[in-house]
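[1] fold the following for me, if possible:
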Amino acid sequence: MKELVEVIAKSLVDHPDEVVVTESENDKALVVELRVAQTDMGKVIGKQGRIAKAIRSVVKAAASKENKKVIVEIVQ
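    The predicted structure follows:
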């Protein structure tokens, strides 16, 4: 999942070298944290969060094949 989020995020932003994706697992789900440059935050979130929702939908679809729950968090 980490690689999937990283590829999507790097294709959206102006500074792909500043994209950092970390993955951690708790008892309920796999948590994927996405960090981008401050100037690219709007590009990853999109108007009314549409791009963020799309990223989460793609990751959720990929995770359903493995029967896992994945949470994508966009943090600063």
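[2] doesn't Gln76 make contact with Met41?
    Yes. Counting by CB atoms under 8 Å, Gln76 is a contact partner of Met41 at 6.9 Å. From N, CA and C alone the C-beta is placed, and that goes for glycine too.
[3] which of the two has more residues huddled nearby?
    Set Met41 next to Gln76 and count neighbours by other CB atoms under 10 Å: Met41 wins out with 14 against 7.
[4] which helix or strand contains the more buried one?
    Taking DSSP states H and E as the criterion, Met41 maps to helix 41-45.
[5] which residues does that helix contact?
    With contact meaning CB atoms under 8 Å, 6 or more residues apart in numbering, helix 41-45 is reached by Ala9, Leu12, Val13, Asp14, Leu34, Val36, Ile51, Ala52, Ile55, Ile74, Gln76.
[6] give me the mean pLDDT for the helix or strand following it.
    Per DSSP H and E, the first helix or strand lying C-terminal to helix 41-45 is helix 50-64. What helix 50-64 shows for mean pLDDT is 95.
[7] helices or strands up against helix 50-64?
    The contact analysis (3 or more CB pairs under 8 Å, 6 or more residues apart in numbering; DSSP states H and E) places helix 50-64 against helix 2-12, strand 30-35, helix 41-45, strand 70-75.
[8] cutoff 7 Å now
    Counting contacts by 3 or more CB pairs under 7 Å, 6 or more residues apart in numbering; DSSP states H and E, helix 50-64 is packed against helix 2-12, helix 41-45, strand 70-75.
[9] nearest to Asp27, of these?
    Taking CB to CB, strand 70-75 is the member of these nearest to Asp27, at 12.6 Å.
[10] pull up the pairing partners for the closest one, direction included.
    Paired neighbours of strand 70-75 in the sheet (DSSP bridges): strand 30-35 (parallel).
[11] who wins for neighbours among the contacts of helix 41-45?
    Of these, with other CB under 10 Å as the count, Val36 tops at 25 neighbours.
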